[in-house]
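J.: what's the 3D shape of this:
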Amino acid sequence: MAAPPRRRGDPGMSAPVLSNYDLDDQCYRLRLTASVAGVALDLVNLDAFPGRDHLSRGYLAKNPLGRLPTLEHDGLVLCQPAAMQLYLAGLPGARALIPADPAEQARMHDWLIFADRDLAVASAARACALMDAPGDEVALRARSRALLRLLEDHMTRQGTLGQGYVAGATLSLADLALFVPFALSRDFGIDHDDFPALRLWARRVRRCEGFITMPGIPDYH
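T.: Numbers count the residues shown, from 1 in each chain. Okay, here's the model as predicted:
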C-alpha cells in the first residue's frame with residue numbers, strides 16, 4: 001500500500017518535506033511520485049495564488065527561482081522536479097520506478113527532460129488560463145497541443161511494439177511526469193478525444209498502485 005503524503009506535524013520518522021500548493025501541477029507531480037513510490041512526504045502548504053508565498057523572502061532564500069515545488073530532506077534542497085522524482089525513487093524501500101535496462105533508463109531521462117524543458121509550456125498555458133498568469137494563452141495552447149501530438153505519436157509507436165509505457169513495458173518516472181501535463185491540459189482547452197493513444201496510456205497510469213488524483217484529473221472511463 002502506498003504511503004500517503006503527510007501534513008507537517010504528523011508523528012513518525014523524518015520524511016522529505018515538499019513545499020506544496022495543492023492546485024499546482026508540478027506539486028501534484030511530486031505528490032503523485034511519492035505516493036506511487038510508497039514514500040511518505042511532509043507537506044508544507046503555501047498560498048501561491050493569490051498569496052504568492054513562493055515569492056516571499058523566506059521562500060526565495062531556499063529556492064531563488066521562486067517556483068514551486070521545493071523538496072528538502074536531511075539538509076538537501078532540490079528545486080527541479082525531475083531531480084526530486086529521482087531522489088524520491090532512490091530512497092530505501094521505494095517502489096522501482098527507474099528501469100534497470102540502460103536503454104530504457106536513458107529513454108526515461110530523455111522524456112523527463114522533455115517534460116521539464118519542452119512541456120513547461122503546458123504549465124504556463126494552464127497558469128494563464130486558471131491563475132491569470134501573464135502570457136499569450138492561444139499561442140501557449142497551440143504549442144502545448146503540438147508537443148502532446150509528439151507524445152501521442154510516441155505512444156502509438158509504443159503500442160505497436162507491445163510496450164504500454166513511455167520508456168518501455170513498465171511504469172517509470174517519465175510516465176508520472178508526462179501524465180500530469182496531459183491530464184490537466186483540459187484546464188486550458190485541449191480536447192483529449194484528439195489523443196486516443198494518450199487516453200489509453202493515461203488510463204493505464206491511473207490504474208497503477210498508489211495513484212492519487214487532484215482537481216481537474218479526468219477519469220478516462
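J.: Spatially central residue in the chain, please.
T.: Computing the C-alpha centroid of the chain and ranking residues by CA atoms, centre = their mean puts R29 first, at 2.5 Å.
J.: From V77, how far out is the nearest residue to it once chain neighbours are set aside?
T.: Leaving aside its sequence neighbours, R29 sits nearest to V180 (CB to CB, 6 or more residues apart in numbering; 4.7 Å). C-beta coordinates here come from the backbone N, C-alpha and C atoms, glycine included. Going from V180 to V77 by CB to CB, to the nearest Å gives 22 Å.
J.: For these two, indicate the residue with more neighbours.
T.: Remark: of V180 and V77, V180 carries more neighbours, 26 against 11, as counted by other CB atoms under 10 Å.
J.: The more buried one: what's it in contact with?
T.: D25, Q26, Y28, R29, L32 (CB atoms under 8 Å, 6 or more residues apart in numbering).
J.: related to what we said a few turns ago, which helices and strands does the helix or strand where the residue nearest to the centre of the chain lies pack with?
T.: Element membership of R29 [criterion: DSSP states H and E] is helix 25-37. With contacts taken as 3 or more CB pairs under 8 Å, 6 or more residues apart in numbering; DSSP states H and E, helix 25-37 sits against strand 17-20, helix 81-89, helix 120-131, helix 173-183.
J.: Output those in CSV; the columns should cover distance to D193 and mean pLDDT.
T.: Formatted as CSV, the helices and strands packed on helix 25-37 follow (distance: least, CB to CB, whole Å; pLDDT from 0 to 100):
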stretch, distance to D193, mean pLDDT
strand 17-20, 32, 94
helix 81-89, 28, 97
helix 120-131, 18, 92
helix 173-183, 13, 98
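J.: Go ahead and measure how far stretch 211-221 is from the middle of the chain.
T.: 13 Å (CA atoms, centre = their mean, to the nearest Å).
J.: Restricting to C-alpha, output that stretch in PDB.
T.: Taking Å, rounded to 0.1, in the frame of the first residue of the first chain, the C-alpha atoms of stretch 211-221 are listed here in PDB:
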ATOM      1  CA  PHE A 211      -2.200   6.600  -7.800                       C
ATOM      2  CA  ILE A 212      -3.700   9.700  -6.300                       C
ATOM      3  CA  THR A 213      -5.700  12.400  -8.100                       C
ATOM      4  CA  MET A 214      -6.300  16.200  -7.800                       C
ATOM      5  CA  PRO A 215      -9.000  18.500  -9.100                       C
ATOM      6  CA  GLY A 216      -9.100  18.500 -13.000                       C
ATOM      7  CA  ILE A 217      -7.800  15.000 -13.500                       C
ATOM      8  CA  PRO A 218     -10.300  13.100 -15.700                       C
ATOM      9  CA  ASP A 219     -11.400   9.500 -15.100                       C
ATOM     10  CA  TYR A 220     -10.900   8.200 -18.700                       C
ATOM     11  CA  HIS A 221     -13.700   5.700 -18.500                       C
END
